[in-house]
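Visitor: this one's sequence-less:
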């Protein structure tokens, strides 16, 4: 859908009453459990995600960030139990769980709880744990079969250097976000008008800290403002891009990983402001000075090449950033790379998205892509969708897509995908699957 249609649809949507979210309340009363011992049972799969759905309830109470528990339903036995816990289940005693469920009684292989994951201005791991706030344990016959948690992954690339170091950028799995700068919590003053514009909840720093390494950035030139360059999604403006760049630098100061800052969309009236394109390039190079990886490394570079450049520039204590630039405006700049190729299904149907991305993965398997590319794993609402709110906003669209992408990526695409870009990424397991997939592909 083009920008003009998007603007018209947003304006019409404001006067249409949004459909309420149907909340699930599937909590079973909890009690303590004494188990025998924990074992590593790899054929049991379980993980936690954060629902993208959010709503305002009565008395202005915000319903948001509900924890979801996901498991491998096909291996469930009648007496299996799943426990959500506020601590790591390192002993055989699972006292005072937050929640207990019996998966064998459920038709689905996931459940949305009424327990909220907290908001973080800046997430961290001061406790030196990769886990944040909640853990889950799968128990069978009083034995812990599998555990997981909501994870932070600030250094997963550097920790996997022996695996991904010899690989080209296009040959590894990289978790990403779509329209990364269009982030906001539900209590934004523009809540209604941004229902079909906001694509993330976590800010840029948090996206990176949770493990995202590809950022899809859209920049517009606003000549009558002090900052000039702003992030946006369609007609909705978010914040000066300088603020998001600072978050990237703050992250790279504490991590040696590589980040792709892909400026895929640039909105400039070049007829009226012909100098704005070069001003944006100069602005980016000034803001990212000391962090950028040069274009002459090319997409043929391995991660070892990227890290070696950082070493040679005496910047080995920091991470590096590849800044790409929309190809229509790029020219022969030495520091700005060609934009990542987006594989965009442009559909509002989950089944059609799967068909499209399967075809892309087949092309990748045949070696037809000699560049970095991203599987854009989200639905595209039509004007009718926005006016009628048929998808319940982009949050509802992500809820339809994300758990499907989990399965597709894990079960079918590990050997063929490159970048996988999600909306509301914590509603998926994309980071863990990419880390796991790189071990399978190159380990």
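Guide: Looks like it came in fine. None of these values were measured; they are calculated from a predicted model.
Visitor: tell me the bridge partners for the closest residue to residue 99 other than its chain neighbours.
Guide: Leaving aside its chain neighbours, residue 99 sits nearest to residue 84 (4.0 Å; criterion: Cβ to Cβ, 6 or more residues apart in numbering). All C-beta spots, glycine's among them, are computed from the backbone N, C-alpha and C. Bridge pairing for residue 84 (DSSP bridges) gives the partners residue 99, residue 136.
Visitor: show me what contacts the residue nearest to residue 419 when sequence neighbours are not counted?
Guide: Leaving aside its chain neighbours, residue 419 sits nearest to residue 374 (3.8 Å; criterion: Cβ to Cβ, 6+ apart). Contact partners of residue 374, counting by Cβ atoms under 8 Å, 6 or more residues apart in numbering, are 176, 214, 216, 262, 340, 341, 342, 343, 418, 419, 420, 421.
Visitor: again, only using 10 Å
Guide: The neighbours of residue 374, taking Cβ atoms under 10 Å, 6 or more residues apart in numbering as the test, are 174, 176, 178, 214, 216, 260, 262, 264, 339-344, 360, 417-421.
Visitor: roughly how far apart are it and residue 290?
Guide: Noted for residue 374: a distance of 26 Å to residue 290, by Cβ to Cβ, to the nearest Å.
Visitor: coming back round to it: now the residue nearest to residue 419, what's its secondary structure?
Guide: Of the three states, residue 374 takes strand under DSSP: H, G, I helix; E, B strand; the rest coil.
Visitor: tell me the buried residues in the longest helix along the chain?
Guide: Longest helix in the chain, counting residues (DSSP state H): helix 393-412. Of the residues in helix 393-412, 393-403, 405-406, 408-410 count as buried by neighbour count, 16 or more other Cβ atoms under 10 Å.
Visitor: tell me how far it is from the chain's mean position?
Guide: Put simply, helix 393-412 sits 11 Å off its chain's centre (Cα atoms, centre = their mean, to the nearest Å).
Visitor: can we start the residue count at 157 from this point?
Guide: Taking 157 as the first residue, the last one we looked at is helix 549-568.
Visitor: strand partners of whichever helix or strand comes after it, parallel vs antiparallel please.
Guide: Toward the C-terminus, helix 549-568 is succeeded by strand 575-578 as the next helix or strand (DSSP states H and E). Strand 575-578 sits in its sheet next to strand 330-333 (parallel), strand 529-532 (parallel), going by DSSP bridges.
Visitor: please state the offset of the last one from the chain centre?
Guide: It stands for strand 529-532. 12 Å.
Visitor: what of stretch 485-501?
Guide: Centroid displacement of stretch 485-501 relative to its chain, using Cα atoms, centre = their mean, is 21 Å.
Visitor: returning to what we had before: and the two most separated of the buried residues of helix 549-568?
Guide: Taking Cβ to Cβ, the two most distant members of the buried residues of helix 549-568 are 549 and 566; they sit 26.5 Å apart.
Visitor: low-confidence regions, the stretch 157-306 of the chain specifically.
Guide: For the stretch 157-306 of the chain, the stretches flagged by pLDDT under 70 are 157-198, 229-230, 247-248, 282-284.
Visitor: helices of that one, residue ranges please.
Guide: Assigned by DSSP state H, counting those that start in this stretch, the stretch 157-306 of the chain shows helices spanning 159-170.
Visitor: report the contact partners of the spatially most central residue of the chain.
Guide: Centroid-nearest residue in the chain: residue 581, 3.2 Å away (criterion: Cα atoms, centre = their mean). Going by Cβ under 10 Å, 6+ apart, residue 581 touches 205-206, 208, 331-334, 336, 355-358, 363, 366-368, 533, 554, 558, 587.
Visitor: can you tell me the element residue 520 falls in?
Guide: helix 506-521.
Visitor: whoops, I mixed them up, residue 462
Guide: Using DSSP H and E, residue 462 sits within helix 459-468.
Visitor: now the closest residue to residue 311 other than its chain neighbours: how far from residue 476?
Guide: Once flanking residues are discounted, residue 311 sits nearest to residue 411: 5.1 Å by Cβ to Cβ, 6+ apart. According to Cβ to Cβ, residue 411 stands 10 Å off from residue 476.
Visitor: hmm, back to that, burial of the residue nearest to residue 255, as a residue count?
Guide: 21 (other Cβ atoms under 10 Å).
Visitor: same check, this time on residue 573
Guide: The burial count for residue 573: 26, using other Cβ under 10 Å.
Visitor: next, it: phi, psi?
Guide: Main-chain dihedrals, residue 573, degrees, to the nearest 10: phi -80, psi 160.
Visitor: and it, what is it in contact with?
Guide: 328-330, 499, 513, 516-517, 520, 529-531, 533, 564-565, 589-590, 593, 597.
Visitor: and if you look at residue 243?
Guide: Contacts for residue 243 (Cβ under 10 Å, 6+ apart) come out as 250, 251, 252, 253, 254, 287, 289, 290, 291.
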